[in-house]
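[1] With the input below, show me the fold.
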Amino acid sequence: MPLMPRLDETNVDEAANSPAALAPLEQSPLEQGPREQSPRGQEGPLGQGQDFGSRVELALGATNHLLNARNSPRYVAQVLQGVTAVATKLERTTQPFTGVGPDGMKARVGAVDLDVPLPDTAAALQELEDVYLRDAVYFHDPKYAAHLNCPVVIPALVGEAVLSAVNSSMDTWDQSAGATMIERRLIDWAAERLHLGGGADGIFTSGGSQSNLQALLIARNHAVAGLRQDPARAGLRLPALLDSLRIFTSEDSHFSIQKSSSMLGLGFDAVISVPCTPDHRMDSAALAEAMADARGAGLVPMAVVATAGTTDFGVVDPLAETAALARAYGAWFHIDAAYGGGLMVSNRYRRLLDGTRLADSVTVDFHKTFFQPVSSSALLVRDRSMLRHITYYADYLNPESAALAEIPNQVDKSIQTTRRFDALKLWLTLRIMGADAIGALFDEAIDLAARVGTVLAADEDFELAAPPQLSTLVFRYRPRLENGERLSEDAADTLNPAIRAAVFASGEAVVAGTKVAGRHYLKFTLLNAEATLEDIAGIIHLLRRTGAGLLQTEVAA
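    Model (predicted):
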């Protein structure tokens, strides 16, 4: 079976497919053998001991590497070499990791002399096999079951190739044009799926942490604007107004909430951690008590953050109840749906997102449950006017006059300036696959997690921390010993991280770890629609075998 389609089956133009284009290209002066140069440290004023003529020759040779009409055949040929290298690697890789350690990789990468270029693309790709491709962690492998990393869909990779080559910058209209309108159309589409209403808006971001940071920045500035309505506070500088602001979120929420609070000048301790119910959802009664206590102490509830898909348990907090409490205290209501946002296209589990219409803002990570390459995330707000809280006008980039003229500069809504056209990946995915197909992939992962949960719950050697909600399972290896008693809690705390490390070092599978009530657990995160129950059962068998071997070694010692 060929690793790649025959050249006459590829969808590139005839010139690029010609033998001349796909044969080794004539070397530019830059690619020819190294010139005799002065020793390093003895360069003259022209640099590296080169005379003016050789410098010009080098620059002219370097232009052969610029993407333009003249070099388009070279572009096609070299990119095809890269695509072929990846495709070949995928077909020949039989496990998600090699087990290489940090010291080995550091030495291998450190041995590369970055000041001496290789003769051609083929040589660079061969070297890349040694320093990256061979030892990469491959998320498409069904034995990868660790973090919220998804296998990616091919239409998104087409988008990645296009956006990287055209290289639009999404800050201003005069740098992006059609890209701006595509991104805005996708924001409207997502807002409609989340039932945020006709006044919604948003922006693509680098990931859930940045989306959460921007949401809380808007919430902070919105709260500060409210505080300044008090004449006694009107003249105070920002630092003096921040001390009383508080953020409420569950004890199982993402760490970026605390990190954002610190970055926004509020401090880690401005985040009030709300206990969860036994099913790991934020306890609404505990939230009500915490907010009442804060108000009684003269503090200001700035924001309430609910999670739609917690990192460990995939749980969706009680959105409607949480929204009601936020509204009662005049607090911003943000939903972190970085993980659970994929439910908006689910064919069977969409109901779990009921309540997003009540949010002031929502985070969605398309590079998790929409099967997009990193990075692709978005922040959406129910009231587009709230984006004014992060707007800054610069005369050399996005002057206020442009906003008054309704020129659509995306930087007006973003905390980033230069930004990739990541929306194109989702656009092509929707246009080629459709939303229902994306939802079907996520549904398969959720269904698989439910089946694996049943297996783990019935297995005497394992303890399941909670029934799965989305596609994560938290569990630990805690077998019964010869005396009929289970392995002690303390021994299990030592054993389970050791199991995870040993399995990772073997490269046969990759699983995650976490803590529940201070105890060490293992974790599956299942996002591969092609993984089967047999695949995951194989990982469970590997964990059991590894754990039993470690126990036996300990007993022998």
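[2] Tell me where the model's unsure across this protein.
    Counting by pLDDT under 70, the ranges of the chain that qualify are 1-50.
[3] Tell me where it has strands.
    Taking DSSP state E as the test, the strands found in the chain are 144-145, 201-205, 245-250, 271-274, 300-307, 332-337, 361-365, 377-381, 462-464, 472-477, 510-516, 519-525.
[4] where do the helices sit along the stretch 351-500 of the chain?
    366-369, 400-404, 423-432, 435-458, 489-506 (DSSP state H, counting those that start in this stretch).
[5] just so I know, which of those helices lies nearest A156?
    helix 423-432 (4.0 Å; CB to CB). Bear in mind the C-beta positions are built from the backbone N, C-alpha and C, glycine included.
[6] what's the spacing between that closest one and its chain's center?
    17 Å (CA atoms, centre = their mean, to the nearest Å).
[7] neighbours around E57, how many?
    Neighbour count for E57, taken as other CB atoms under 10 Å: 17.
[8] hang on, isn't A290 packed against F248?
    Yes - here A290 lies in contact with F248, judged by CB atoms under 8 Å, at a distance of 6.0 Å.
[9] what would the helices of the stretch 351-500 of the chain look like in TSV with distance to L80 and mean neighbour count?
    Formatted as TSV, these follow (distance: least, CB to CB, whole Å; neighbours: other CB atoms under 10 Å):
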stretch	distance to L80	mean neighbour count
helix 366-369	25	28
helix 400-404	41	13
helix 423-432	19	22
helix 435-458	27	19
helix 489-506	34	17
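[10] I figured A450 hits Q469, correct?
    No - the pair formed by A450 and Q469 falls short of the contact definition of CB under 8 Å, at 9.5 Å.
[11] hang on, the earlier thing: now, of the strands of the chain, which is deepest in the fold?
    strand 361-365 (a mean of 30; mean count of other CB atoms under 10 Å).
[12] could you give the angle of that one to strand 332-337?
    20 degrees (axes from the mean of the first three to the mean of the last three CA atoms, to 10 degrees).
[13] Which elements pack onto strand 361-365?
    Where contact means 3 or more CB pairs under 8 Å, 6 or more residues apart in numbering; DSSP states H and E, strand 361-365 is packed against helix 208-227, strand 332-337, strand 377-381.
[14] contacting residues around the second one?
    The contact list for strand 332-337, computed with CB atoms under 8 Å, 6 or more residues apart in numbering, reads 208, 212, 215-216, 218-219, 222-223, 253-254, 256-257, 302-309, 319, 322-323, 326-327, 343, 353, 355-356, 358-364.
[15] What's the ChimeraX line that selects buried ones from the residues you listed?
    In ChimeraX syntax, the buried subset of the contacts of strand 332-337 is picked out as below (16 or more other CB atoms under 10 Å):
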select :208,212,215,216,218,219,222,223,253,254,256,257,302,303,304,305,306,307,308,309,319,322,323,326,343,353,355,356,358,359,360,361,362,363,364
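[16] before we move on, back to that, show me the common contact partners of A290 and F248, please.
    I272, V274.
[17] which of the residues in stretch 543-554 are buried?
    Neighbour-count burial for stretch 543-554 flags L543, R544, T546, G547, L550, L551 (criterion: 16+ other CB under 10 Å).
[18] cool, and stretch 60-72?
    Within stretch 60-72, judged by 16+ other CB under 10 Å, the buried ones are N64.
[19] do stretch 343-350 as well
    Using 16+ other CB under 10 Å as the test for burial, stretch 343-350 gives L343, M344, V345, S346, Y349.
[20] The fourth one touches A437, doesn't it?
    No - under the contact definition of CB under 8 Å, S346 does not touch A437, with a separation of 11.7 Å.
[21] ok, the nearest residue to T363 once chain neighbours are set aside to A190 distance?
    Sequence neighbours aside, S211 is the residue nearest to T363 in space, at 3.9 Å (criterion: CB to CB, 6 or more residues apart in numbering). According to CB to CB, to the nearest Å, S211 and A190 sit 12 Å apart.
[22] Ok, F255 next?
    Here F255 is placed at a distance of 24 Å from A190 (CB to CB).
[23] Between these two, point out the one with more neighbours.
    Each of F255 and A190 has its neighbours counted (other CB under 10 Å); A190 has more, 23 against 10.
[24] Would you mind listing the residues in contact with that one?
    G202, M344, V364, A378, L380.
[25] Name whatever forms a beta bridge with the closest residue to the first one other than its chain neighbours.
    Sequence neighbours aside, L380 is the residue nearest to G202 in space, at 3.7 Å (criterion: CB to CB, 6+ apart). Beta-bridge partners for L380, by DSSP bridges, are G202, V362.
[26] And Q469, its phi and psi?
    Dihedral pair for Q469: phi -110, psi -50, per degrees, to the nearest 10.
[27] Surely it touches D312?
    No - with contact defined as CB under 8 Å, Q469 does not reach D312; the gap is 10.2 Å.
[28] between the two, what contacts are shared?
    By CB under 8 Å, 6+ apart, the residues touching both Q469 and D312 are H280.
[29] Number of residues surrounding the nearest residue to A548 once chain neighbours are set aside?
    Spatially, and ignoring its direct neighbours in sequence, A548 is nearest to P479 (7.4 Å; CB to CB, 6+ apart). By other CB under 10 Å, 17 other residues sit near P479.
[30] residue contacts, P479?
    E460, D461, R486, L487, R544, G547, A548, L551.
[31] What of A465?
    F313, V474, F475, R476, V516, Y521.
[32] Can you name the residues bridging to the fourth one?
    Read it as R476. Under DSSP bridges, the beta-bridge partners of R476 are E463.
[33] quick one: it from L430, how far?
    40 Å.
[34] same deal with the last one?
    In this structure, Y521 lies at 37 Å from L430, with CB to CB as the measure.
[35] and what of the third one?
    Here the criterion is CB to CB. By it, F475 lies 35 Å from L430.
[36] swap in the first one?
    When CB to CB is applied, the distance between F313 and L430 equals 29 Å.
[37] thinking again about what came up before, pull the contacting residues for the residue nearest to G202.
    I187, A190, A191, L194, L196, A200, D201, G202, S361, V362, V364.
[38] one more time with 7 Å
    Residues counted as contacts of L380 (CB atoms under 7 Å, 6 or more residues apart in numbering) are I187, A190, A191, L194, L196, A200, G202, S361, V362, V364.
[39] ditto for I203
    With CB under 7 Å, 6+ apart, I203 has these contacts: A378, L379, Q410, K413, S414.
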